[in-house]
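Peer 1: 3D model of this:
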Amino acid sequence: MSSAKNHHQENHRQDHHGAEQVRAFLCAMEARDLATAERYLAANVVMQFPGAPPMLRLSEVVEWARTRYRSVSKTIYALDSYTSQPHAVVTCHGELKVEWLDGTTSTGVRFIDRFELTDGLITRQDVWNDLALAQIAAANAYPTMTRSL
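Peer 2: Model (predicted):
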């Protein structure tokens, strides 16, 4: 019984560690601290964003984003993780606030990011969000996207 309890506690710590890695990576990206963000990525990382080809380097992500918006910040509602050593999957969801190239903003834009980690490093990031819908709404001067709870 004791070894089963210890195994459960160890898995919980490992799950928590994966979520901490992802949160730290996202914070570094939001701050555009690419040197820090790079430390969380495996050499073979693949990052997939809506409407974009798979990207292998953070510099590609920054260049791709530069043509779409000035900045994006995330409000994270939850980080869920699963670990089966040496792999982990972390899912993050919440809302985005985006400043478009023309200086207007959209808030309450839903997102989900799914991360795969191996040996504590991010090997894959898949991103889903409603930024395209928010951009259309902003261009058509519709009210800011908001989420009612």
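Peer 1: residue 22: what secondary structure?
Peer 2: The three-state assignment at residue 22 reads helix, by DSSP: H, G, I helix; E, B strand; the rest coil.
Peer 1: can I assume it is in contact with residue 92?
Peer 2: Yes. The criterion here is Cβ atoms under 8 Å, and residue 22 meets it with residue 92 at 6.1 Å. Backbone N, C-alpha and C define where each C-beta goes, glycine included.
Peer 1: now do the shared contacts for these two.
Peer 2: Shared contacts of residue 22 and residue 92 (Cβ atoms under 8 Å, 6 or more residues apart in numbering): 79, 113, 115.
Peer 1: now, among those, which is nearest to residue 86?
Peer 2: residue 115 (14.5 Å; Cβ to Cβ).
Peer 1: report the buried residues of the helix or strand the closest one falls within.
Peer 2: Assigned by DSSP states H and E, residue 115 falls within strand 105-118. By 16 or more other Cβ atoms under 10 Å, the buried positions in strand 105-118 come out as 106, 109, 110, 111, 113, 114, 115, 116, 117.
Peer 1: find the nearest non-adjacent residue to the first one, please.
Peer 2: This means residue 106. Of all residues not flanking residue 106 in the chain, residue 134 sits nearest, at 4.0 Å (Cβ to Cβ, 6 or more residues apart in numbering).
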